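Asks: Output the structure for:
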Amino acid sequence: LASSSGSPSAAAAAARLLEEFPAPDGDDALNQYSFPYGAPELRRAIEAYYAKRAPALAADASENVTVTMGATEGFAASIRALTAPGDAVAFFQPFHELYPSQLAIFGLEARAVTLSAGFDRWSFDPAELDRALRGAKLFLFNDPHNPTGHRFSLEERTTVARLCEKHGVVCVTDEIYEHMTFDGPRYASLAELYPEGTVVVNSISKTAKATGWRIGWVVASAARTSKIRGVHDQLVACCPTPLQHGVAALLRNPDDPHFARIAPEYLRKRDMLAASLQKAGFWIGPLPKGSYYLFVGFASVPALRGLGPTEAAMRMTKEYKVACVPGDNFYLGAAKLDPEHGQRYLRFAFVRSKAVLQAAGERLAAMPAP
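Replies: The predicted structure is shown next:
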């Protein structure tokens, strides 16, 4: 799937698929529709994957698994299936941009709970989360977190699970960075703490460096799965058949050494980019413990002083040729204009090759010295 990290190349995977699934009577079965909710081979591989990684989660291939067009469609189908227009949905901010966008499309009320940066970690106020969940239908929970790189501790995840259960809120988890964890214990899904109330959304995009494949999945209770499949069927009919079999080839073996190689690679990249940004005068804050983003303060960078986040991002991109995203893009309401939140940050990604990150470091070093 991702030859640069030691997994089979796409060409090799395709060749194996032709051997495993020969064309009947001259027709290529892999070019035809799969089951609307996913090829059985992939759903069985997802079942095996969670039997190993999250045994408390009910992930029966027939009853609980829906294959989607990436996590983006997985969220859209889940949100639409489990809410009605006017319902409230809560999540942490800063947030992945798709959360409020999808809620707006479906006529839902967005409730953001703010994460704040301390010396060595991000944190939230449980009382604020408690208020946001009151009367809500869903809580969207991204861990490891985009854009901060925060990994929620067992205590924090227990608080999230306890408050969701208290208010009868279904937690929809965004777990696409589960293998990009740098510090602390092995990743654990919130479904381990709140199995009856959790819907897991995941995809192959980050795990296999295959963002263009658009293969994701949703794991939910049988009752919720029936609703999610109904929406999914109307949104996309089915996902690309040959790519589903390619993903199954990786997931059916959760002990594949590919998974263990992901975190060390991104840890090295994190440290490369963080060092370059710090030398240029950016405030690094709590080092990311997961995902592949650095959410950094820019007020102390001489070339960016006095600028808002959008102007700062444009200057970085146009003049210094290092692309980033303005921090206010990840906030709603008053926090968007708050100098301690939306106005404070830029988001950089360390997903690219070491050569690209080295070139970025050279460009950052050429900026006016702090």
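Asks: Buried residues in stretch 63-83, which are they?
Replies: By 16 or more other Cβ atoms under 10 Å, the buried positions in stretch 63-83 come out as 64-83. The way it works is simple: take the backbone N, C-alpha and C, and place the C-beta from them, glycine included.
Asks: count of residues packed around residue 367?
Replies: 20 (other Cβ atoms under 10 Å).
Asks: Check the one 3 residues further on too.
Replies: For residue 370, the number of neighbouring residues by other Cβ under 10 Å comes to 12.
Asks: do residue 222 as well
Replies: 11.
Asks: who touches it in this structure?
Replies: Shown in contact with residue 222 (Cβ atoms under 8 Å, 6 or more residues apart in numbering): 58, 60, 63-64.
Asks: okay, it: pLDDT?
Replies: The score at residue 222 is 98. That number is its pLDDT.
Asks: All the helices of the protein, in order from the start?
Replies: 10-20, 40-53, 70-82, 98-105, 126-133, 154-167, 222-236, 241-251, 257-279, 309-318, 333-337, 354-365 (DSSP state H).
Asks: Which among those is found nearest to residue 195?
Replies: Residue 195 sits nearest to helix 154-167 of all the helices of the chain, at 9.6 Å, using Cβ to Cβ.
Asks: Remind me what that closest one packs against, helices and strands.
Replies: helix 126-133, strand 138-142, strand 170-174 (3 or more Cβ pairs under 8 Å, 6 or more residues apart in numbering; DSSP states H and E).
Asks: what angle separates that helix from strand 170-174?
Replies: Following axes from the mean of the first three to the mean of the last three Cα atoms, to 10 degrees, one obtains 140 degrees for the angle between helix 154-167 and strand 170-174.
Asks: List the buried residues of helix 154-167.
Replies: Per 16+ other Cβ under 10 Å, helix 154-167 contains these buried residues: 156-157, 159-161, 163-164, 167.
Asks: residues near residue 96, how many?
Replies: Residue 96, neighbours per other Cβ under 10 Å, totals 20.
Asks: The residue lying closest to residue 159 once chain neighbours are set aside and residue 154: what is the separation?
Replies: Nearest non-adjacent residue to residue 159, counting by Cβ to Cβ, 6 or more residues apart in numbering: residue 126, 5.3 Å away. Distance of residue 126 to residue 154, computed by Cβ to Cβ, to the nearest Å: 14 Å.
Asks: Also residue 43?
Replies: 30 Å.
Asks: how long is stretch 121-134 from one end to the other?
Replies: 26 Å (Cα to Cα, to the nearest Å).
Asks: Buried residues, that stretch. List them.
Replies: Those would be 121-122, 124, 129, 132-133, for stretch 121-134 by 16+ other Cβ under 10 Å.
Asks: now swap in stretch 239-259 and tell me
Replies: In stretch 239-259, counting by 16+ other Cβ under 10 Å, buried: 239-252, 258-259.
Asks: In those residues, find the pair that's most separated.
Replies: 241 and 259 (24.6 Å).
Asks: For this protein, give me the ranges with low pLDDT.
Replies: Along the chain, the model assigns pLDDT under 70 to residues 1-27.
Asks: any idea how far residue 211 is from residue 205?
Replies: With Cβ to Cβ as the criterion, residue 211 and residue 205 are 4 Å apart.
Asks: go on, residue 234?
Replies: 23 Å.
Asks: Equivalent analysis for residue 34, please.
Replies: Following Cβ to Cβ, the distance that separates residue 34 from residue 205 is 19 Å.
Asks: more crowded one of those two?
Replies: Just comparing residue 34 and residue 205: by other Cβ under 10 Å the higher neighbour count belongs to residue 34, 23 against 18.
Asks: For that one, give me its contacts.
Replies: So residue 34 contacts 67, 238-239, 241, 244 (Cβ under 8 Å, 6+ apart).
Asks: got it, and residue 147?
Replies: Going by Cβ under 8 Å, 6+ apart, the list of residues near residue 147 reads 94, 96, 291, 293, 295, 325, 330, 345, 347.
Asks: what about residue 278, neighbour count?
Replies: 15.
Asks: Kindly report the same for residue 223.
Replies: 9.
Asks: what's the answer for residue 97, then?
Replies: 13.
Asks: Quick check: phi and psi on it?
Replies: Reported as degrees, to the nearest 10, the phi and psi values for residue 97 are phi -60, psi -30.
Asks: which residue sits closest to it, ignoring its sequence neighbours?
Replies: Nearest to residue 97 is residue 329, by Cβ to Cβ, 6+ apart, at 6.3 Å.
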